[in-house]
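Chemist: with the input below, show me the fold.
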Amino acid sequence: MKRVLVLLLCLGLCGCYTLANFRTDNRRNLLKLSIGMMKQEVLNIMGNKYAEDGIITANNPYRSEILQGKDKTFEVLYYYTDIKNFDAWRGMKGIADDELTPLVFDNGKLIGWGQSFLQDNIQKYEIRVR
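Modeler: This next block holds a predicted model:
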């Protein structure tokens, strides 16, 4: 009996950093960001966490890309912040784009975040997206 309790206690203390905790932490950290922050400051706030559930693995940032348009180049870091359709998510074994929050940088400074902000700038600067 004692061994079972010790085992349960150890599992509880070392705990798994679940994807749900990962999403929640990322959403909380977004609230700490401000326009004009330098990229390294944003990276420090968002952290470099890692989580998995046996099917899906997520890192911070989940992915990144460089977007080039007319007279403008943006760096975009994507953070896993939401789950839209749990059943579909389980079936596709991945994280969909609409479950990510993009953080947009211009010359190393944060200029905004969110899907609508990114889409507005894609249109404004005529950026081709693959």
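Chemist: which strands and helices sit next to the longest strand along the chain?
Modeler: For the chain, the longest strand by residue count, based on DSSP state E, is strand 72-80. Using 3 or more Cβ pairs under 8 Å, 6 or more residues apart in numbering; DSSP states H and E, the elements in contact with strand 72-80 are helix 19-30, helix 39-46, strand 63-69, strand 100-106, helix 115-124. Where C-beta positions appear, they are placed from N, C-alpha and C, glycine not excepted.
Chemist: buried set for the longest one?
Modeler: Of the residues in helix 19-30, 19, 22-23, 25-26, 29-30 count as buried by neighbour count, 16 or more other Cβ atoms under 10 Å.
Chemist: likewise the last one?
Modeler: Applying a neighbour-count criterion of 16+ other Cβ under 10 Å, the buried positions in helix 115-124 are 118, 121-122.
Chemist: which strands and helices sit next to it?
Modeler: The contact analysis (3+ Cβ pairs under 8 Å, 6+ apart) places helix 115-124 against strand 72-80, strand 100-106, strand 109-113.
Chemist: residues in contact with stretch 118-130?
Modeler: When contacts are defined by Cβ atoms under 8 Å, 6 or more residues apart in numbering, stretch 118-130 is touched by residues 67-72, 74, 76, 102, 104, 111-112.
Chemist: try 7 Å this time
Modeler: For stretch 118-130, the surrounding residues in contact (Cβ atoms under 7 Å, 6 or more residues apart in numbering) are 67-70, 72, 74, 76, 102, 104.
Chemist: need the CA coordinates for that stretch. CSV is fine.
Modeler: Below are the C-alpha coordinates for stretch 118-130, written out as CSV (Å, rounded to 0.1, in the frame of the first residue of the first chain):
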residue,chain,number,x,y,z
LEU,A,118,-1.4,39.0,-39.4
GLN,A,119,-4.1,38.8,-42.2
ASP,A,120,-4.4,42.6,-42.3
ASN,A,121,-0.7,43.0,-42.8
ILE,A,122,-0.6,40.2,-45.4
GLN,A,123,-3.1,42.2,-47.4
LYS,A,124,-1.6,45.6,-46.7
TYR,A,125,1.9,44.6,-47.8
GLU,A,126,0.8,42.2,-50.5
ILE,A,127,2.6,39.2,-49.0
ARG,A,128,2.3,35.9,-50.8
VAL,A,129,1.6,33.1,-48.4
ARG,A,130,2.1,29.5,-49.4
